[in-house]
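J.: Sequence plus the predicted model coming up.
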Amino acid sequence: MKTAIIPSICVEPALLDEVERALEQNESLASFVETAVRREIQQWQAQAGWLQQGLAATRHNSAAAGISAEVVIARLEAKLAAARQRK
């Protein structure tokens, strides 16, 4: 498999110093950056998956439940009134 190069980026010297201090023994800056990029991609993919699951659940629940907004609001108002009476 051929390898590719991630483009260089310009950063403030202070950030570069922080990164270099964070490196583990025998860890290169290149391996640190590669690990960070991979981790960020995995997090992005996980978030996209959770979003898709949430949207699918919302579509399923709204289609299956069929409760109107008016009914939900009425129920919430009834709960609020009961809570106020208990005080």
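T.: That came through, no problem. Residues are numbered from 1 along each chain as shown.
J.: Next one: the residue most central in space within the chain, what pLDDT does it get?
T.: Residue closest to the mean C-alpha point of the chain, counted by Cα atoms, centre = their mean, is Gln47 at 4.4 Å. pLDDT for Gln47: 92.
J.: Now stretch 16-28: average pLDDT?
T.: Here the average pLDDT along stretch 16-28 is 94.
J.: and Ser31, how many residues sit next to it?
T.: Counted by other Cβ atoms under 10 Å, the residues lying close to Ser31 total 12. Glycine gets a C-beta too; all of them are placed from N, C-alpha and C.
J.: does it count as helix, strand or coil?
T.: At Ser31, secondary structure determined by DSSP: H, G, I helix; E, B strand; the rest coil is helix.
J.: Please tell me the pLDDT value assigned to it.
T.: We have a pLDDT of 93 for Ser31.
J.: Please name the residues that touch it.
T.: Counting by Cβ atoms under 8 Å, 6 or more residues apart in numbering, Ser31 makes contact with nothing.
J.: same deal with the one 3 residues further on?
T.: Contacts of Glu34 were listed using Cβ under 8 Å, 6+ apart, and they are Ile6.
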